[in-house]
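Asks: Need the 3D shape of this:
(2 chains)
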Amino acid sequence: MSKPNMQFSKIRLSRRSFLKASAASAGWLMLPGMGMYPSWAQDSRVLRVRDYGDPQSLDPGIASNLYEENVNAAVHNKLIAYKPGSKWAWQLEAAQSIEQVDPTHIKFVLKPGITFTNGFGEMTAEDVKFSYERIIDPELKSPIKGDWATLESVDVTDKYSGVIVLNKPFQALWMTTLPYMGGNIVSKKATLAAGGKFSAMPPCFSGPYVIKELEPKQRTVLARNPEWKGDPPGFDEIHIFPIDDEKTAEMGFEAGDLDYTRISMSSYKNMKKNPPENSVVEKYPSLYYVWLGMNMEHPKLSDERVRQAVQYAVDIPSILEAAYDGVADPATGFVPPGLVGHRPDTLVPFKADFAKAKQLLAEAGYPDGIDLDLEVRNKAVYIAAGQVIQAVAAQAGIRMTLNLHDSGSFWSLGDESKGDRWKKLQLVLNRFSSAPDPHYAAQWFTKEQVGVWNWERFKNPEYNQLYEKAMAEGDKDKRDQMYRRMQELMEASGAYRFITHEAVPVIYTDRIVPALRPDGMPLLRYFTTA
Amino acid sequence: MLFYLLKRVGLAVVIVVVAVVLLYSMIHVVPGDPASVILGPRATPEMKQELHELMGLDRPFVVQVVSFLGKVARGDLGMDFFSQRPVAQIVFKQLDETLVLVLASIGWAMLLGIPLGCYSAVFRNTFSDKLVGFFSIGVIAVPSFVVALYSLLLFAVTLKWLPAIGAGESGQYMDQLRHLILPAFAIGLGWVGYIARLVRASMLEVLNENHIRRARAFGLPEHMIVFQYALKLAILPTITLLGTGIGRLISSAVFAEIVFARPGIGKLIFDSVVSRNYPLVMGAVLVSTVLFVLSTTVSDSVNAMLDPRVRERL
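Replies: Now for the predicted structure:
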C-alpha cells in the first residue's frame, strides 16, 4: 500500500487542528481542576501578607531587621509589646505585671503557664535573664547589643519574678528595647542545647504561632501553636511573601494573592480614590527621617554661611510634591509628630528663600555661586528628590552634581574606616530608620559617631550633654524640651536640612482586621478576621 | 568525537576559572562595605571589623581568590553570613526554580517557534508567511518585562485567572504550574519570534539544496522531506542559539523573578550584589557560569554530532 503524496497544502488542516488544539488546551487550563480559577477563592483562615525580605536570622539575639522581628514577634513573647493603634503605647504580653521601682530597677512578674514547644517546658524568670543577658554578652556579637547597653543584670527573684537592673537610667528602654527586637524571650534550655545560638529554624516557640515552613525568596509560613494557651490567634496560618518591589506587591494585592501590604506613595492617592474591590487604603506617619546633610569639615562647606545658603536654597514643598506625590509631610527634625521631642517648627522655613541664600553665599565669598556634589541612593524616590533639590538650588546659584550609588556603596560614603572617601563627601541625601523614642535617632549625631554614622561630622558639646541627660530624664516635659533643643542645635549648625518623615500607605482586604503600630508596621500576631 | 569532547570540556573548565577570577576581582573593586549593609546603623566599628575577619575580607585579595577556588574544588561554596546557611544549599534551591522557569519558557517557545518557522519557509511569501514574520518581529521587539507587566495586569489583576506572585506550594504541581504560566509566557514570547525567524531562514537555505531536490524527485512525501531531512539540518543554528541563549534567559528571568516575586538565581544574584553578600554572589555566579558554559558545551557537542565539519574546527 502506497501512502498518498501528502502535499503541504494538507498541513492547512493541521493549522486548523492546531487552532482547535489551542482552544481545547485553553479550555482545559480553565478547568477548576487545573486551578485556573479566580485566585480570590482562598481559605479565609489564611492570612497572606507581604514583607520586604526574608528573615535571615530567627535567633532574636542576633536578629537585626524588621522582617525578622515581624516573624519573631509572632512566635516568641516579650514582657511587654507594642499596642496596636494610632498612639505609641505598650501592653503586657508575657508579663503579668511590670513596674519601674526606681530609675535603674524594673520589677516584673511573668504570667504562669506560658510554655515553650517541643517539650522545653514553662517560661520562667531564668529564661528572661538568659535572653536579655546574652545580648550584652560579647561572645554572642549581637547586633542589637546597643539596645541593652545599660543592662547590668537580670536578677531572678523566684520562678516567675525578677528584676532588670540597669547601670544607669535609660528611659528609652520602655519603647525601643522591651517591646522591640531586644525584648523577645527565648528558652534557655533550648538555646543552650542548640549551641548557644541558632540562625534558621528556632528550636522552640512560645507565641501564638510557630514557624511551619521557611522557603527563602518564596515565603515563610506561620501556623497556630497548638500549645498556646492565650487568646486564640486570628488565623490558622500566616503566609509571609518576601517582595521588595512595591509595584509587584500592589499587583499581587489586586490579583487577590495578598491580604495586606504596604504600597508605594505614588500609588496612594489613586488607590485611595479608586480602591480595589473589598479593600481599605490607609496612610500612617512613618518613623523614618530624610534629610540633606552637609559635611562640615569639607573645605567648601566649612563656612557656616555656605551651609545655611544650602538650607535656604532647598525647597521642601517641591520635594514632597515631586518625589513623595504630596503624600508625605515636612519634617522639623529627627523626631516625628506624636513622639516626645517633636518640634513644631524649624528655624529655616520650609519654602526656599533664594534671595537669602544668594546673600549668604555672597557674604561667604561666593558671589557667583558654588559647585557642590550631592550623593544620592539610586532609588526612584531619592533620585527624584535629588533632582528637585538640584533644580531648585540652581536658582540660588548652587550648582549641584548628582552622584548615584547603590545601597552597598552608599552606606560606606562617610565611613572613616573605609578610607578617605569621607573627606570628599559634600552633600548627602540621607534616610535613617528610627524607633518610637527620640533617643534612638539622637544617638547617631553625637561626636562619638563622627565618621561612623554622623557623616556631617557635627560636634556640639551641648548636644552631647543633652543626649546623656535626656537618656536618664524621667520627666516627660523635660525630655521633650531637651530633644527639641538638640534638633535645634543640629539645624542651627547649618549641616542639616530636614525634609520629611515620609509616610506609610497600606492596603488590606476588608475580610481582615489588621493590627498595626502607629507607623503602619504590622503586628501579625494580633491580626484577626473581620 | 571523543577528542573533540575532551577539548571542549577542557576549554569549558578554563572559561569557568577565568570568569570566576574576573568576577571575584570586579565585585571587590565596586565600592561598598558588606559589614555596613549586614549590620546596619547599629554596628560599631569593632563589630564591623569582626565581621570582616569572619568573612575573610581582611586577608590579601590573592589569598581570598585562591582560598575560594580551593574550596570550590572541594565542593564547598562557603557560608552565607546573613543566614548562616551553606551557600550551595541556598544557590541550588534557587537554581531549581530558575531552571524550571527557563526550560518552561524555552520549551513552549520551541514548540511554537519551530513549526511557525517551518510553516513560513514552506509557504514563503504568502500572506501567512508575512503574518508570521510580522508577529515574530513584533514579539522580538517587546522587552520581556513589558510582556510580564501587561500579562500580569490582564490575566492576574483584571481577569484573576492566574496568580500574580510566588512560585506555588511545594509539592503541589498544579499550583506550581499555574504560577509558572505567566512568567514562562513573558520570557518565552520573544524567543518564539527568534526561533521562528531563525528556523525559517535556515529552512529556506536547506530546502534549496540538492539533496532536498533529489528527495522530491524520488517522490518522498513533503512532510517527510520537511521534518526528517530539511529540519534536521535547519535546526543546527537554533541549537547553537539556544546554547548561548541560556545566559540571556537567565538575565530575562531576573525581570520575571522580580515582577512575579518568584524565587530564582537571577534575583538571588541581584539581591546579593546589592547587599554585598560576597559569598552568595560568588556561589551564585559560579553556578550560573557553569550552567552557561555547560549549555554552550552541550549545544556545541550536539552540533558536532550532527555535523562532522564542526568537530574539525575547534
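
Asks: From here on, just use CA atoms for contacts and neighbour counts.
Replies: Noted.

Asks: what residue ranges in the chain score low on pLDDT?
Replies: Reading this off chain A. Across chain A, the ranges flagged by pLDDT under 70 are A:1-44.

Asks: meant chain B actually
Replies: B:27, B:30-47, B:54, B:311-314.

Asks: For it, which segments count as strands?
Replies: Secondary structure of chain B by DSSP state E: no strands are present.

Asks: ok, the residue positioned nearest the centre of it - contacts?
Replies: In chain B, the centroid-proximal residue (C-alpha atoms, centre = their mean) is residue B:246; its distance is 3.0 Å. Contacts for residue B:246 (C-alpha atoms under 8 Å, 6 or more residues apart in numbering or on different chains) come out as B:102, B:292, B:295.

Asks: for residue A:449, same thing?
Replies: Residue A:449 neighbours (C-alpha under 8 Å, 6+ apart): residue A:443.

Asks: roughly how far apart are it and residue B:246?
Replies: 48 Å (C-alpha to C-alpha, to the nearest Å).

Asks: surely residue B:299 meets residue B:245?
Replies: No - counting by C-alpha atoms under 8 Å, residue B:299 does not reach residue B:245; the two are 10.5 Å apart.

Asks: Please identify which of the two sits among more neighbours.
Replies: Applying other C-alpha atoms under 10 Å in any protein chain shown to residue B:299 and residue B:245 shows that residue B:299 carries more neighbours, namely 21 against 18.

Asks: any idea how far residue A:403 is from that one?
Replies: Counting by C-alpha to C-alpha - residue B:299 and residue A:403 are separated by 43 Å.

Asks: so what's the nearest residue to residue B:116 once chain neighbours are set aside up against?
Replies: Residue nearest to residue B:116 in three dimensions, not counting chain neighbours: residue B:196, with 5.5 Å by C-alpha to C-alpha, 6 or more residues apart in numbering or on different chains. Residue B:196 is in contact with B:113, B:114, B:115, B:116, B:117, B:118, B:136, counting by C-alpha under 8 Å, 6+ apart.

Asks: repeat that for 7 Å
Replies: B:113, B:114, B:116, B:117, B:136 (C-alpha atoms under 7 Å, 6 or more residues apart in numbering or on different chains).

Asks: which residue does the stretch 301-450 of chain A bring closest to chain B?
Replies: residue A:409 (3.6 Å; C-alpha to the nearest C-alpha).

Asks: Tell me where the stretch 301-450 of chain A has strands.
Replies: Assigned by DSSP state E, counting those that start in this stretch, the strands in the stretch 301-450 of chain A fall at A:370-377, A:398-405, A:427-432.

Asks: out of those, nearest to residue B:308?
Replies: Closest to residue B:308 of the strands of the stretch 301-450 of chain A is strand A:398-405 (C-alpha to C-alpha; 51.2 Å).

Asks: For the residue in the stretch 51-200 of chain A positioned nearest to chain B, grab the count of nearby residues.
Replies: Proximity of the stretch 51-200 of chain A to chain B (C-alpha to the nearest C-alpha) peaks at residue A:56, 4.5 Å away. Around residue A:56 there are 21 other residues, counting by other C-alpha under 10 Å.

Asks: Now do the SS call for it.
Replies: When classified by DSSP: H, G, I helix; E, B strand; the rest coil, residue A:56 comes out as coil.

Asks: how about it, what does it touch?
Replies: A:68, B:82, B:83.

Asks: Using a markdown table, please lay out those together with distance to residue A:61 and neighbour count.
Replies: Output for the contacts of residue A:56, formatted as a markdown table (distance: C-alpha to C-alpha, whole Å; neighbours: other C-alpha atoms under 10 Å in any protein chain shown):
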| residue | distance to residue A:61 | neighbour count |
| --- | --- | --- |
| A:68 | 11 | 21 |
| B:82 | 14 | 17 |
| B:83 | 14 | 19 |
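
Asks: with these in mind, which one is nearest to residue A:484?
Replies: residue A:68 (32.1 Å).

Asks: from memory the closest one sits against residue A:53, does it?
Replies: No - counting by C-alpha atoms under 7 Å, residue A:68 does not reach residue A:53; the two are 9.0 Å apart.

Asks: count of residues packed around the residue lying closest to residue A:65 once chain neighbours are set aside?
Replies: Leaving aside its chain neighbours, residue A:65 sits nearest to residue A:55 (7.9 Å; criterion: C-alpha to C-alpha, 6+ apart). Counted with other C-alpha under 10 Å, residues neighbouring residue A:55 total 27.

Asks: Residue B:97 now?
Replies: Residue B:97: 17 neighbours (other C-alpha under 10 Å).

Asks: Run a quick check on it versus residue B:266, I expect a contact.
Replies: No - look at residue B:97 against residue B:266 with C-alpha under 7 Å: they stay out of range, at 10.1 Å.

Asks: Where does the stretch 101-250 of chain B get nearest to chain A, which residue?
Replies: For the stretch 101-250 of chain B, C-alpha to the nearest C-alpha, closest residue to chain A: residue B:157, 4.2 Å.

Asks: how close does the residue nearest to residue A:65 get to residue A:203?
Replies: 16 Å.

Asks: Kindly report the same for residue B:231.
Replies: Distance from residue B:231 to residue A:203, by C-alpha to C-alpha: 59 Å.

Asks: Same question for residue B:220.
Replies: 71 Å.

Asks: Looking at these two now, which is surrounded by more residues?
Replies: Each of residue B:220 and residue A:203 has its neighbours counted (other C-alpha under 10 Å); residue A:203 has more, 19 against 15.

Asks: The stretch 101-250 of chain B: helices as residue ranges?
Replies: Assigned by DSSP state H, counting those that start in this stretch, the helices in the stretch 101-250 of chain B fall at B:127-141, B:144-151, B:173-207, B:210-217, B:222-224, B:231-234, B:236-259.
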